[in-house]
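Enquirer: Turn this into a model:
(one chain, ligands or ions: 1)
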Amino acid sequence: MAMKVTVDIDLCQGHSVCLGECPEVFDVVDSDEGYPQVVVLLEHPGEELREKVEKAAQYCPNHVITIEED
Ligand code: SF4
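Expert: Below is the predicted model:
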């Protein structure tokens, strides 16, 4: 089983908490919406990053990060 990271981009408002928690997996860049939004750099991060990804998902103010197993 591997971790799969998805985001609901429509709800992301660019707080960058995710980037602060796990810069290996999340970046935040200018978007067409007129404010920054998240980009997932690694859709299937390794197990060594699980704790950091979970923290990013937990602390994202808009709860847009989902971790699935596939
Ligand atoms: S913390 Fe959440 S709302 Fe903020 S940039 Fe990351 S995914 Fe988007």
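
Enquirer: How many residues are close by residue 35?
Expert: Residues near residue 35, counting by other C-beta atoms under 10 Å, number 12. Where you see a C-beta, it was placed from the backbone N, CA and C, and this is true even at glycine.

Enquirer: I'd assumed residue 13 was in contact with it.
Expert: Yes - the pair residue 35 / residue 13 is scored as a contact, 6.6 Å apart, by C-beta atoms under 8 Å.

Enquirer: Within range of the ligand, give me the residues from this structure.
Expert: 7, 12-18, 28, 38, 60-62, 64-65 (C-beta under 6 Å from any ligand atom).

Enquirer: of those residues, buried ones?
Expert: Among these, those scoring as buried are 7, 12, 14-15, 17-18, 28, 38, 60, 64-65 (criterion: 16 or more other C-beta atoms under 10 Å).

Enquirer: The residues you listed in helices, which ones?
Expert: In this view, those that belong to helices under DSSP state H are 17-18.

Enquirer: Kindly reformat the buried ones among the residues of the chain next to the ligand as JSON lines containing pLDDT.
Expert: Below are these laid out as JSON lines (pLDDT from 0 to 100):
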{"residue": "7", "pLDDT": "98"}
{"residue": "12", "pLDDT": "97"}
{"residue": "14", "pLDDT": "95"}
{"residue": "15", "pLDDT": "91"}
{"residue": "17", "pLDDT": "98"}
{"residue": "18", "pLDDT": "98"}
{"residue": "28", "pLDDT": "98"}
{"residue": "38", "pLDDT": "98"}
{"residue": "60", "pLDDT": "98"}
{"residue": "64", "pLDDT": "97"}
{"residue": "65", "pLDDT": "98"}
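
Enquirer: now the strands for this protein?
Expert: 3-7, 26-30, 36-40, 65-69 (DSSP state E).

Enquirer: which of the ones you listed is buried the deepest?
Expert: strand 36-40 (a mean of 19; mean count of other C-beta atoms under 10 Å).
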